[in-house]
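Undergrad: pasted the sequence and its predicted model underneath.
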Amino acid sequence: MILFVLFLIFSNFIGAVSQVLLKKSALEEHKSLIFEYLNVKVILAYALFFCAVFIDLYALKVVPVSFVPIIEASSYIFAIILSRIFFKDKINLLQCLAIGLIIAGIWVYVS
């Protein structure tokens, strides 16, 4: 079951990456409205989101549904880390504390 929990966490990561790609595309200037929605970043983002949903559904065959809200909290961790990497946002002490609490909560609930 741990493998499928890891699948759920991985699907959260993929979902966070797709959100970053969508935001990166939204921050760019596009030639027209069509190119705003039909460019490589947007298409890749939606493809990654589809993969994340597929992995979620696959993992939920084994993982109890009661685990999902706990594991979904990992998306906040990925959002903070990816915003630091791609958008150069600062990570403050409160965010570090929140990341630690989320990891501890996931660990306690899963083990």
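TA: Perfect, I can see it now. Residues are numbered from 1 along each chain as shown.
Undergrad: where do the helices sit along this structure?
TA: Secondary structure of the chain by DSSP state H: the helices cover 2-26, 33-37, 40-59, 68-72, 74-87, 93-110.
Undergrad: name the residues of the fourth one that are buried.
TA: Yep, that's helix 68-72 we're talking about. The neighbour-count check on helix 68-72 (16 or more other Cβ atoms under 10 Å) flags 70-72 as buried. For glycine as for every other residue, the C-beta is placed from the backbone atoms N, C-alpha and C.
Undergrad: tabulate the helices of the chain (TSV), appending mean pLDDT.
TA: Compiled in TSV, the helices of the chain are given as follows (pLDDT from 0 to 100):
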stretch	mean pLDDT
helix 2-26	91
helix 33-37	86
helix 40-59	94
helix 68-72	85
helix 74-87	90
helix 93-110	90
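Undergrad: need the winner for burial among the ones you listed.
TA: Most buried of the helices of the chain by mean neighbour count (mean count of other Cβ atoms under 10 Å) is helix 2-26; its value is a mean of 18.
Undergrad: compute the inter-axis angle for that one and helix 74-87.
TA: Relative orientation of helix 2-26 and helix 74-87, computed by axes from the mean of the first three to the mean of the last three Cα atoms, to 10 degrees: 40 degrees.
Undergrad: and the contacts of helix 2-26?
TA: 36, 39, 41-42, 44-46, 48-49, 51-53, 55-56, 58-63, 67-68, 71-72, 74-75, 78-79, 82-83, 86-87, 110 (Cβ atoms under 8 Å, 6 or more residues apart in numbering).
Undergrad: understood, closing this out.
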